[in-house]
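Got a sequence here, can you model it:
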Amino acid sequence: MVKQNTYQSNNKLVHHTKKVATIAGVFTLTVTAYLAQVNFLIAAGPNAEHKLDPAIRLAMQSYEETSNIKDFQAVFIKQEKVGRRMQPMHTIQIKFREQPLSVYLNFKKPHEGREVIYVHGRNGNQILAHETGIKGLIGTVSLQPNSPQAMDESRYPITTIGIRKMLYQILKQWKEEQQLDAGVVFKYYPNAKLENTQCKVLETSYPQQKQGIRFQMTRLYIDKATNLPVRVQQYGWPTKRRGSPELVEDYYYKNIRTNTGLTDTDFNPKNPAYNY
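The predicted structure follows:
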């Protein structure tokens, strides 16, 4: 359990800027990643302070920190409810690069030995995946990211993976909920602990289900040392009267190492360290 503390904020939103690069005398406008999304997130809201404003301000500070990340490596732990079935907890080694969007996944459990690679703009924008054991006899298969086979155990396609996108989705959710009069309750735990990591936890919840509110409760964990988002938990509405909220989504990035200099080789199935 974490102890609730009073939240006090004196922080301001940080504006994103555009980068202009000159190549061989031709001016090319390069918009920083997710600029359109950021403009949406920092759009002015109602004049009166909303109960979600403190959560959004804290999350935006963390979102700004993610703009400095070009790549990262981590252990990715996820558990999701797909359809009516709660999937087992997955533990995956992940390599991630922002530009071009590149993902390498090495499954530890379940499906130990499964490897997945996705690089935007390569391989026909398809996932390259292979299994081990008997399933591995099929060899490498190419899948569309949103195909039924690729989405069999996931709520979202691989193109939405990454700590920045994870946080963006929470900010987008809160900005949309900000427009609704749904009686949100915000709790801030500035001295929480996630395993050995000191965290700030932002929790929002709703007393009753209303149209436009997807989740009964949302928890966002931010590493106090790095100010990076490390975990998101989403709880659905109770299925039984007087029941507790049910976990629907849990995404946890641990042992994060940022800007490690990942290259094309890290996202190439011909990498000798991989088993393609």
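
any chance you could map the helices in this structure?
35-41, 53-66, 163-177 (DSSP state H).

show me where pLDDT drops low in the stretch 151-276 of the chain?
Applying pLDDT under 70 to the stretch 151-276 of the chain picks out no residues at all.

Now tabulate the helices of the chain in CSV and tack on mean neighbour count.
C-beta: built from backbone N, CA, C; applies to glycine. Listed next are the helices of the chain as CSV, based on neighbours: other CB atoms under 10 Å:
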stretch, mean neighbour count
helix 35-41, 15
helix 53-66, 20
helix 163-177, 20
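
so what's the closest residue to Pro229 other than its chain neighbours up against?
Nearest residue to Pro229 in three dimensions, chain neighbours excluded: Leu167, at 4.3 Å (CB to CB, 6 or more residues apart in numbering). When contacts are counted by CB atoms under 8 Å, 6 or more residues apart in numbering, Leu167 touches Ala59, Ser62, Tyr63, Thr66, Leu220, Pro229, Val232.

Quick check: Thr140 touching Lys270?
No. Look at Thr140 against Lys270 with CB atoms under 8 Å: they stay out of range, at 11.0 Å.

what's the spacing between stretch 223-230 and its chain's center?
13 Å (CA atoms, centre = their mean, to the nearest Å).

So which bits of that stretch are buried?
Burial within stretch 223-230, assessed by neighbour count using 16 or more other CB atoms under 10 Å, is assigned to Asp223, Leu228, Pro229, Val230.

So which of those is the closest to Leu202?
Of all the buried residues of stretch 223-230, Pro229 has the smallest distance to Leu202: 9.7 Å, by CB to CB.

check contacts around Glu115.
Contacts of Glu115 by CB under 8 Å, 6+ apart are Tyr104, Leu105, Asn106, Phe107, Ala129, His130, Tyr274, Asn275, Tyr276.

What is the burial count for the third one?
It stands for Asn106. 18 (other CB atoms under 10 Å).

The last one too?
Each residue near Tyr276 was counted by other CB under 10 Å, and the total is 14.

same question, Thr218
Each residue near Thr218 was counted by other CB under 10 Å, and the total is 22.

Pretty sure it sits against Gln233.
Yes. Between Thr218 and Gln233 there is a contact at 7.3 Å, judged by CB under 8 Å.

now, which of the buried residues of stretch 223-230 lie within strands?
Counting by DSSP state E, the part of the buried residues of stretch 223-230 found in strands is Asp223, Pro229, Val230.
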